[in-house]
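**Student:** the following block contains a protein sequence and its predicted model.
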Amino acid sequence: MKKIYFKLLFIISSILILNSALIQNCHCQWVQCEGIYGGYVNSFAVLGNNVFAGMSNNGVYLSSNNGASWTQTTLNNQSIISLAESRNNIFAATNNGIYITSDNGTTWTLTGLSYKGVDCFETIGNILFAGSGQGVWSSTNNGTNWIQTGLNDKWVMSLEAFGNNLLAGTETGIYISTNNGAVWSQTGLNNEWVKSVAVSGNNIFAATYNNGVYVSADTGKNWTQTTLNELLVRSFATIDNNIFAGTSNGVYLSTNNGMSWNQTALNDCSVSTIGMQGNNVFAAAGSFGIYLSANNGMSWTQTALNNQRIISFAAHGNIIYAGTEGAGIYLSNNNGVTWTQTTLDNRIVYSLAVLGNNIFAGTWENGVYISSDNGASWTRAGLNYTDVSSLAVSGSSIFAGTDGGGIYLSTNNGTNWIKAGLDNNYIRHIVISGNNIYASTTSQGVYYSINNGISWTLIGFNNREILSLAVNGNNVFVGTINSPDGTGGVYLSTNNGMRWTQTALNNQSVTAIYISGNNIFAGGAKNYNYFSGNVFLSTNNGASWSYKNQGFNTNPTTSAFLVSNDFIFAGTAGYSVWRRGLSEIMQNNSTELLSSFSLSQNYPNPFNSMTKIKWSMLNTGNAKITIYDISGREIQTIVNETLNPGSYEATFDGTRFASGVYFYRLTAEGFGETKKMLLIR
């Protein structure tokens, strides 16, 4: 017995030492950078000191310090439509149904109401109500079972309790039920599209799409339009006598039951939802993320939610610039540890380029901007009211690719622009190598010019969607969208497009390619819709590729890469900027793309309560991972879903199981493998 005891102590100590070493060497993986805040938030919920934020594409985030920092919960790959707290549980409505967590997001369970498109929640007593495109549903057992109420033919966008009454905002006004949904009556507000309903004292407030806010003091029999009457109002939040309204023009506040409204300091953005925690007001402001006010809206602070989409990079000296999709340009002068938003703060910035001491930014609908003081100020540099999708510098010239207008050239820092060919084409990328200029279009192929754009030659991929383009000497790399016949991925030409060869990176939609020396980085999206991807590296011109995802807590779609100051930076779709040491990422480069399905040994093993299981999918198909005890009895299924090709990871929580030997088995598209693991409690 003593030998067994000391052996277990040795194993546990070894694991602790290994974990400590991994923590000390955390730079040997991707690390998310701080400071580029944003992301589309659809809903809030509050439970004690915790604030939950439901994101459009990235699941649920949690903050326990008033938004100073946010942690993504394990519900991390869903579009969250609505959140609610009920009896110490958090409910999350997604396109796949309603999930519930009773442990602050550590684990989530799918409830019995699946695929109903739930938009809102409310609780009366022990009854949970859910509003959907099919009316109102109710549950008396925390979502295990649901029944449809009498309101079953309306799109219900908001629910609100009014004493023992339940109010429902629909596309045809507000309905009320006095008997827990068995019977409904339409109120006097019967011709408005009601997005949100709120109650303050004896007053009911209705937020409409086109006619502002209405108020009723007689349980909905009669309604009066308030002075907030010409805005799209999406949400309410109330505390004491204060009523906050989230509108298409910021947040408004009324302290006198809607008789008058004052615009708060958050007044130049569209607000999708508002939440309250004590005296704190949280407002979701489009792509800018979450703002917080502790003084009734007199001032607002942007919270630390790193959920922005990064679509362009540039480096000038020790400064790195990142262009976002809606929040302008951020800069970092400490290798991406922190970021500061520049004064160009409300634009979609498709492209960035450096010419001398000038930084150029290509924007959506607003042409080109230029800064000569490291982003402190920006001025228009021509091509006004034009979508500038790409910029490239050659000597003292700068080329601009536009959406629908072809390519323009400026030889005087953007003061004047002239046509440079490919008229009426939607230009996606411009890349210059010596005297050669390459341009990719949305679907008309890749072109080549050797005379500054006077003439262009089509060199391939006509009628194919090109997602990325890079050049290294005579080697031209093209990333294409994936297709059912497997012709997606990275292609290489060594003779200016006379012949193209598909590299080993295929069956992928490759959204970004970047070349640093002999290293080729590719950002892959695993399906046509660009949801989730991988980072790949090739050191032999695409003959073989290896996964380089270590450290990502999700598989983000990579929109852009940049190498600067011995780091590689990855701009992602919805997860801001990540960085990794360039020399480190080149090490251990032997893990090539798998040619088959695989199941890895769990880590750590032995484990105390929690362990991670990794596996790889060769083809798209259903993957199921099942846990068995020593007798072969099935005790839990931790994965059972359709997945695309790539590498995945899941966590097994053994908290409620006894110490001992367990087995886990992967079955996927004819593949099956079982491995053993040891739980030590």
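**Tutor:** In hand now; what should we look at?

**Student:** neighbours around Thr611, how many?
**Tutor:** A count of neighbours around Thr611, defined by other Cβ atoms under 10 Å, yields 22. Glycine gets a C-beta too; all of them are placed from N, C-alpha and C.

**Student:** wait, isn't it in contact with Ala650?
**Tutor:** No. With contacts counted by Cβ atoms under 8 Å, Thr611 stays clear of Ala650, the gap being 9.8 Å.

**Student:** check contacts around the most centrally placed residue in the chain.
**Tutor:** The centroid of the chain falls nearest to Gly574 when counting by Cα atoms, centre = their mean (2.9 Å). For Gly574, the contacting residues are Gly39, Met55, Asn57, Asn58, Asn307, Gln308, Arg309, Pro556, Thr557, by Cβ atoms under 8 Å, 6 or more residues apart in numbering.

**Student:** distance of the fourth one relative to Gly289?
**Tutor:** Think Asn58. Distance from Asn58 to Gly289, counting by Cβ to Cβ, to the nearest Å: 12 Å.

**Student:** now do the shared contacts for these two.
**Tutor:** Each of Gly39, Asn307 lies in contact with both Asn58 and Gly289 under the rule Cβ under 8 Å, 6+ apart.

**Student:** coming back round to it: quick one: which of the contacts of Gly574 is nearest Leu469?
**Tutor:** Proximity to Leu469 was ranked across the contacts of Gly574 by Cβ to Cβ; first place goes to Thr557, at 17.1 Å.

**Student:** ok, now how distant is the closest one from Gly551?
**Tutor:** Using Cβ to Cβ, Thr557 is found at 16 Å from Gly551.

**Student:** please say which of the two ends up with more neighbours.
**Tutor:** Using other Cβ under 10 Å, the more surrounded residue of Thr557 and Gly551 is Thr557, with 24 against 15.

**Student:** surely that one meets Asn534?
**Tutor:** No. If you go by Cβ under 8 Å, Thr557 and Asn534 don't touch, sitting 9.4 Å apart.

**Student:** what touches both of the two?
**Tutor:** When Cβ under 8 Å, 6+ apart defines a contact, the residues bordering Thr557 and Asn534 alike are Gly523.

**Student:** what ranges does the stretch 501-650 of the chain have for its strands?
**Tutor:** 501-506, 509-516, 519-525, 533-538, 546-547, 558-564, 567-572, 577-581, 598-599, 610-617, 621-628, 634-643, 646-653 (DSSP state E, counting those that start in this stretch).

**Student:** in a markdown table, list those strands along with mean pLDDT and distance to Asn262.
**Tutor:** Formatted as a markdown table, the strands of the stretch 501-650 of the chain follow (pLDDT from 0 to 100; distance: least, Cβ to Cβ, whole Å):
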| stretch | mean pLDDT | distance to Asn262 |
| --- | --- | --- |
| strand 501-506 | 87 | 56 |
| strand 509-516 | 93 | 44 |
| strand 519-525 | 87 | 45 |
| strand 533-538 | 84 | 45 |
| strand 546-547 | 82 | 54 |
| strand 558-564 | 93 | 39 |
| strand 567-572 | 94 | 39 |
| strand 577-581 | 93 | 37 |
| strand 598-599 | 86 | 60 |
| strand 610-617 | 87 | 50 |
| strand 621-628 | 89 | 54 |
| strand 634-643 | 87 | 48 |
| strand 646-653 | 82 | 48 |
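
**Student:** mind putting those in JSON lines, distance to Leu666 included?
**Tutor:** JSON lines is the format used below for the strands of the stretch 501-650 of the chain (distance: least, Cβ to Cβ, whole Å):
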{"stretch": "strand 501-506", "distance to Leu666": "24"}
{"stretch": "strand 509-516", "distance to Leu666": "25"}
{"stretch": "strand 519-525", "distance to Leu666": "22"}
{"stretch": "strand 533-538", "distance to Leu666": "19"}
{"stretch": "strand 546-547", "distance to Leu666": "18"}
{"stretch": "strand 558-564", "distance to Leu666": "27"}
{"stretch": "strand 567-572", "distance to Leu666": "28"}
{"stretch": "strand 577-581", "distance to Leu666": "28"}
{"stretch": "strand 598-599", "distance to Leu666": "4"}
{"stretch": "strand 610-617", "distance to Leu666": "5"}
{"stretch": "strand 621-628", "distance to Leu666": "5"}
{"stretch": "strand 634-643", "distance to Leu666": "8"}
{"stretch": "strand 646-653", "distance to Leu666": "10"}
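
**Student:** and the ones you listed: which comes nearest Trp364?
**Tutor:** Distances from Trp364 to each of those were compared by Cβ to Cβ, and the smallest falls on strand 558-564, at 14.4 Å.

**Student:** which outside residues touch the closest one?
**Tutor:** For strand 558-564, the external contacting residues (Cβ under 8 Å, 6+ apart) are 309-315, 320, 335, 511-514, 516, 521, 523-524, 533, 535, 568-573, 582.

**Student:** what about 7 Å?
**Tutor:** Applying Cβ atoms under 7 Å, 6 or more residues apart in numbering, the external contacts of strand 558-564 come out as 309-313, 315, 320, 511-512, 514, 516, 521, 523, 533, 535, 568-573, 582.

**Student:** and stretch 179-194, by the same measure?
**Tutor:** Residues from elsewhere that reach stretch 179-194 (Cβ under 7 Å, 6+ apart): 124, 127, 129, 136, 138, 149-151, 157-158, 166, 169-177, 206-209, 211, 214, 220-223.

**Student:** over to stretch 426-442?
**Tutor:** Residues outside stretch 426-442 that contact it (Cβ under 7 Å, 6+ apart): 389-390, 392, 394, 399, 401-404, 406-407, 422, 425, 446-450, 453, 465-466, 469-471, 473, 476.

**Student:** I am finished for the moment; much appreciated.
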